[in-house]
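# Quick check, what structure comes out for this input:
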Amino acid sequence: MSELYIRVAEDENEEPMEIPSEDDGTVLLSSVAAQFPGACGLRYRNPESQCMRGVRLVEGVLHAPESNWGNLVYVVNYPKDNKRKMDEIDAASAVKVKRGFQKTSDLIVLGLPWKTSEQDLKDYFSTFGEVIMVQVKRDAKTGNSKGFGFVRFTDYETQTKVIAQRHMIDGRWCDCKLPNSKACPDEPMRSRKIFVGRCTEDMTTDDLRQYFMQYGEVTDVFIPKPFRAFAFVTFADDQVAQALCGEDLIIKGVSVHISNAEPKHNNTHHLFHNFPGGIASLAAMFGRSQYQYPSSHV
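Residues are numbered from 1 along each chain as shown. Now for the predicted structure:
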């Protein structure tokens, strides 16, 4: 008898695979198991009764029903325990694959004390897990710390644990976060500029620059003229700016409030209309700064 093929599938709804038969028309269970590991038999749906029927198996040899395999699709049988175990293995493998794609990222460490060195940073974070890299950002000219740095871990779970808490480093509370470039693509870009409310007239741009440099590199300080009891400070890193939002800080003995500087296009006309002193002068001032007076301070 010439070699024939029977159609075998793991499930009735799946695409079948052709398995070769032997010269006598039988099919070896080993031939089925070679394509479907763990298979212990075959079954098929009877065209007349629509019930599932088992294929006779004798000493590892599958015999055609009524001596003819026909054009039916035969479904693989698995031992129940083995099938459950295989499902568990597949599920565990899926979890491992998923975790494999969760790579660690460089984390920004905000609010570092001036004295903190890279070795200090490594010694601290090594208590959480293996550290791949640490870096303290320094001024290119003076070599002084800019008040922030970066750290990267080997293990993703360690990274998650570190982000979830605040850190006391060299006597000061620090925050460890994902840089904005690693955030969700749908998340809007954050401002690098903060609004400093409740300023006093004796505060100069140099005063504000010197104070805020302890948190990170300051690229610009703007105090409106005529004086309006507030100022804007721009950082090189938007994460530094966002970390300060909502804080009340003491500058020259005065409590100032820090909030986000909102883009000019957000409700600008409404805010200018309600601000004491009139629209014209304030609108001209914010036209230069490209930022509006936050609604929480109107």
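# low-scoring pLDDT stretches of the stretch 1-150 of the chain, where are they?
1-3, 81-102 (pLDDT under 70).
# which residue ranges form the helices in it?
29-35, 80-100, 118-125 (DSSP state H, counting those that start in this stretch).
# For residue 62, give its distance to residue 38.
Using Cβ to Cβ, to the nearest Å, we find residue 62 at a distance of 16 Å from residue 38. Bear in mind the C-beta positions are built from the backbone N, C-alpha and C, glycine included.
# Over to residue 248?
Counting by Cβ to Cβ, the gap from residue 248 to residue 38 is 65 Å.
# Neighbour count: those two, which is higher?
Remark: of residue 248 and residue 38, residue 38 carries more neighbours, 13 against 10, as counted by other Cβ atoms under 10 Å.
# how about that one, phi and psi?
phi 90, psi -10 (degrees, to the nearest 10).
# Can you tell me the element residue 239 falls in?
Following DSSP states H and E, one finds residue 239 within helix 238-244.
# Name the residues of stretch 139-159 that are buried.
145-151, 153, 156, 158-159 (16 or more other Cβ atoms under 10 Å).
# make that stretch 163-170, sorry
Using 16+ other Cβ under 10 Å as the burial criterion, the residues of stretch 163-170 that qualify are 167, 169.
# measure that stretch end to end?
With Cα to Cα, to the nearest Å applied, stretch 163-170 spans 18 Å between its terminal residues.
# do stretch 120-132 as well
First residue to last in stretch 120-132 (Cα to Cα) measures 14 Å.
# rewinding a little: dump the buried residues of stretch 139-159 to TSV, plus distance to residue 219.
Shown next, in TSV, are the buried residues of stretch 139-159 (distance: Cβ to Cβ, whole Å):
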residue	distance to residue 219
145	17
146	11
147	14
148	14
149	18
150	19
151	24
153	30
156	33
158	33
159	29
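# Only C-alpha atoms, please: export stretch 134-152 in CSV.
Taking C-alpha atoms only, stretch 134-152 is exported to CSV below (Å, rounded to 0.1, in the frame of the first residue of the first chain):
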residue,chain,number,x,y,z
VAL,A,134,26.1,55.5,38.8
GLN,A,135,26.8,59.1,37.8
VAL,A,136,26.7,62.4,39.6
LYS,A,137,26.2,65.3,37.2
ARG,A,138,28.8,68.0,37.7
ASP,A,139,29.5,71.5,36.3
ALA,A,140,32.0,71.3,33.4
LYS,A,141,33.9,74.3,34.6
THR,A,142,33.9,74.0,38.4
GLY,A,143,33.5,70.3,38.8
ASN,A,144,30.9,70.9,41.5
SER,A,145,27.8,68.7,41.8
LYS,A,146,24.6,69.9,40.1
GLY,A,147,22.5,68.3,42.8
PHE,A,148,21.3,65.3,40.8
GLY,A,149,22.6,62.1,39.2
PHE,A,150,21.7,58.8,37.6
VAL,A,151,21.7,55.1,38.6
ARG,A,152,20.9,51.9,36.8
